[in-house]
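Colleague: Pasted the sequence and its predicted model underneath.
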Amino acid sequence: MSDAVLAQYVRDGVVESEHRGHLLALNADGSVNFSLGDPSHLIFPRSTVKCIQGAAMVRAGLKLEPRLLALGASSHSGSGAHIAAVREILALAKLDESALQCALDKPLGEAERRAWGDAPATRIAMNCSGKHAAMLLTCVTNNWPTDSYLDAAHPLQVAIKSELATLAGEKITLTSTDGCGAPLFLLSVAGLARAMRAITISTVSAHQSVMEASRAFPEMVAGVGRLTTQMISAVPGLYMKDGAEAVEVATMTDGRTLVFKVSDGSLRPFRVLVHAGLAKLGIDSPYEVENVLGGNTVIGTIRATF
C-alpha cells in the first residue's frame, strides 16, 4: 500500500486501530518539510478547495462583502445566521432558494441538526448552499445561464477548473461530481498542497479577498464548535478547510502548508493530525487530548505517528 499509518487508536497500550493516509507539509518556500504516504497519490479534494472556487468567482466579477464572501467559500453548519446569509446572497442575484441546485440536506452542525429536528431536508440548509448561492450570483453578474450552472462545460465551472489547475501546477485528468452536485476535480496530494500555498501567498486581489474574508469570519467558514472555526480563530494567520472523506488543508500567510487525506474517510483523527502537522511546521495550536475510555476511565488516546 502506498499510504502510511498517520494515527493510532490506543487502548491500554495496545494499538487497537490505525488510520492510514497521505500527508504532506511544505515549508514557507515550498520545499518539503515532511511527508507520509505518497504525495503523488490522486484524491478528490472535496470542499478543501472552496476558497479557490471562490477566487475564480471573484475573478469573474463576484462582489460580496467579506462576511458573505467567507460564506461563499464555506461548509457552513446550517445555523439561522448561515441560512439568512445565503438568502442575502441570493437576493443580490434577485433569486430565491428555488434557484439552488445543491443536494437536499439537513444542517451539518450537530447542534443545528438537532434543532432542525424532524423538519424535511432543504437545499438552503445544505452545507454548500453558500457556495451555490455565490455561483448563481456570479452567473447573473456575467449574464451566464443559471439553470445549468453545475454543468462542467458551463463558463463558471470552466473558470474554476482553470483556476485550480493553474494554482496546483498540474493538469486535471478527471472531472467527477461532488456530494453537493458541483463538478469535482481530481488532484494529487502534492498538487493540492501547491494550490493552497499558492493562493495563500498570492498577491492577486481575487485570491487575497477570499483568504482574508475567511480568516476574518471563521464562524462563516464552518460554525460554532467546529474544528475549522476554532483553529482559524485561535491561530493568527491560519486558514484551514476540511473536506468530505477526510481531506484537510491548513496554510499560513507565509506559505507554510499542511495537507492530508485519511484513507478510510474517517474524521476521528483530524484534531490530532492537524495539531501534529502544524507542530512539524513550527506552528503552535490549541490541542485537546483525544481520550479513549474504558467505562468512565481514561485508558488510552488517539495519537499521531509523527
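Modeller: Arrived safely.
Colleague: ranges for the strands of the stretch 51-200 of the chain?
Modeller: Taking DSSP state E, counting those that start in this stretch as the test, the strands found in the stretch 51-200 of the chain are 175-177, 183-185, 187-188.
Colleague: Name the stretch among these that sits most buried.
Modeller: Between these, strand 187-188 has the highest mean count of neighbours, a mean of 24, where neighbours are mean count of other CB atoms under 10 Å. C-beta coordinates here come from the backbone N, C-alpha and C atoms, glycine included.
Colleague: Mind listing residues that contact that one?
Modeller: The contact list for strand 187-188, computed with CB atoms under 8 Å, 6 or more residues apart in numbering, reads 39-45, 164, 168, 170, 172, 195.
Colleague: quick one: strands adjacent to it?
Modeller: Neighbouring strands of strand 187-188 in its sheet, by DSSP bridges, are strand 42-43 (antiparallel).
Colleague: Can you say which of the strands of the stretch 51-200 of the chain is nearest to residue 248?
Modeller: Residue 248 lies closest to strand 187-188 among the strands of the stretch 51-200 of the chain, at 14.0 Å (CB to CB).
Colleague: Quick one: mean pLDDT for that closest one?
Modeller: Taken as a whole, strand 187-188 carries a mean pLDDT of 98.
Colleague: returning to what we had before: save the strands of the stretch 51-200 of the chain as JSON lines, and put in distance to residue 59 too.
Modeller: Compiled in JSON lines, the strands of the stretch 51-200 of the chain are given as follows (distance: least, CB to CB, whole Å):
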{"stretch": "strand 175-177", "distance to residue 59": "20"}
{"stretch": "strand 183-185", "distance to residue 59": "17"}
{"stretch": "strand 187-188", "distance to residue 59": "19"}
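Colleague: Nearest to residue 76, out of those strands?
Modeller: The nearest among these, by CB to CB, is strand 183-185 at 18.8 Å.
Colleague: Quick one: distance of the closest one to the chain centre.
Modeller: 14 Å (CA atoms, centre = their mean, to the nearest Å).
Colleague: Please give me every residue in contact with the nearest residue to residue 190 once chain neighbours are set aside.
Modeller: Computed as CB to CB, 6 or more residues apart in numbering, the closest residue to residue 190 that is not its neighbour in sequence is residue 39, at 4.0 Å. Under the criterion of CB under 8 Å, 6+ apart, the contact partners of residue 39 comprise 22, 24, 32, 188-190, 193.
Colleague: go with 10 Å
Modeller: Contact analysis of residue 39 by CB atoms under 10 Å, 6 or more residues apart in numbering lists 22-24, 26, 32, 188-194, 259.
Colleague: Look at it and tell me its secondary structure.
Modeller: coil (DSSP: H, G, I helix; E, B strand; the rest coil).
Colleague: and the gap between it and residue 269?
Modeller: Going from residue 39 to residue 269 by CB to CB, to the nearest Å gives 19 Å.
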